[in-house]
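Q: Quick check, what structure comes out for this input:
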Amino acid sequence: MASSTYFKDQRGRGENAELQEELASNDKTKKRDAVKKVIRDMTLGKDVSGLFAPVVNNMMTPNLEVRKLVYLYLINYAKTQPDLAIMAVNGFVKDCGDANPLIRALAVRTMGCIRVEQISEYLCEPLRRALKDADPYVRKTAAICVCKLYEISPDLVIDQGFIDSLVRLPLFKIS
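A: Below is the predicted model of the structure:
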């Protein structure tokens, strides 16, 4: 299915119910297309917050495209459903330890974009590790995340010593 078809008006009976079934499917292509449809509907201004749990269940997919779309969905709906957003914390923490630096940075960036104070305390340890990461992109992303966290909870940033970590942060290692 071409990407432009995701933005066409797709009226039908119980579309959210159909999407929920597709999100739970064992077929990877169906899952990917379902996540794309959810993002399409979200972009068009439709309320797809009722699909929060089924979308989050697709967070740990090996497909980077789907993972990015799930993260986008989480950023959009975490403010309105903070209790459900906490479901995603374990996935973020796991992704922060991934071998791929792009996935580590994506997880840190997304956690920083989720402006929910309840999640802030869970962000501290992965953020501390990301600030010391061997990859400069991950460290840069973590530095930006500290700034975003400061907007939400300045006391937490100061108490956790993130300001001192930023001052000592080697953004680039020169060999």
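
Q: contacts, neighbours, all on C-alpha from now
A: OK.

Q: mind listing what the residue lying closest to Leu23 once chain neighbours are set aside touches?
A: Leaving out its chain neighbours, the residue that sits closest to Leu23 by Cα to Cα, 6 or more residues apart in numbering is Lys31, at 4.9 Å. Residues near Lys31 by Cα atoms under 8 Å, 6 or more residues apart in numbering: Glu22, Leu23, Ala24, Ser25.

Q: any weak-confidence spans in the protein?
A: Filtered on pLDDT under 70, the chain yields the residue ranges 1-13, 170-175.

Q: quick one: the helices in it?
A: Using DSSP state H, the helices found in the chain span residues 15-23, 28-43, 52-56, 64-77, 82-85, 89-95, 101-113, 117-131, 136-152, 154-159, 162-167.

Q: Pick the most buried one from those helices.
A: For the helices of the chain, the largest average neighbour count (mean count of other Cα atoms under 10 Å) is found in helix 101-113, namely a mean of 23.

Q: Which residues does it contact?
A: So helix 101-113 is in contact with 68, 71-72, 75, 92-93, 95-98, 119, 123, 126-127, 130, 135, 137-138, 141-142, 144-146, 148-149, going by Cα under 8 Å, 6+ apart.

Q: again, only using 6 Å
A: The set of residues external to helix 101-113 that reach it, using Cα atoms under 6 Å, 6 or more residues apart in numbering, is Phe92, Asp95, Cys96, Asp98, Val138, Thr141, Cys145, Lys148.

Q: how close does the first one sit to Glu18?
A: Phe92 sits 27 Å away from Glu18 when distances are taken as Cα to Cα, to the nearest Å.

Q: can you check the last one too?
A: For Lys148, the distance to Glu18 equals 36 Å [Cα to Cα].

Q: Same check on the fifth one?
A: Distance of Val138 to Glu18, computed by Cα to Cα: 37 Å.

Q: neighbours around the closest residue to Val38 other than its chain neighbours, how many?
A: Ranked by Cα to Cα, 6+ apart and with sequence neighbours excluded, the top spatial neighbour of Val38 is Val48, at 6.7 Å. Residue neighbour count, defined by other Cα atoms under 10 Å, stands at 17 for Val48.

Q: How about the spatially most central residue of the chain, nearest residue that isn't a chain neighbour?
A: Geometric centre of the chain, nearest residue: Tyr71, 3.1 Å, by Cα atoms, centre = their mean. Nearest residue to Tyr71 in three dimensions, chain neighbours excluded: Thr110, at 6.4 Å (Cα to Cα, 6+ apart).
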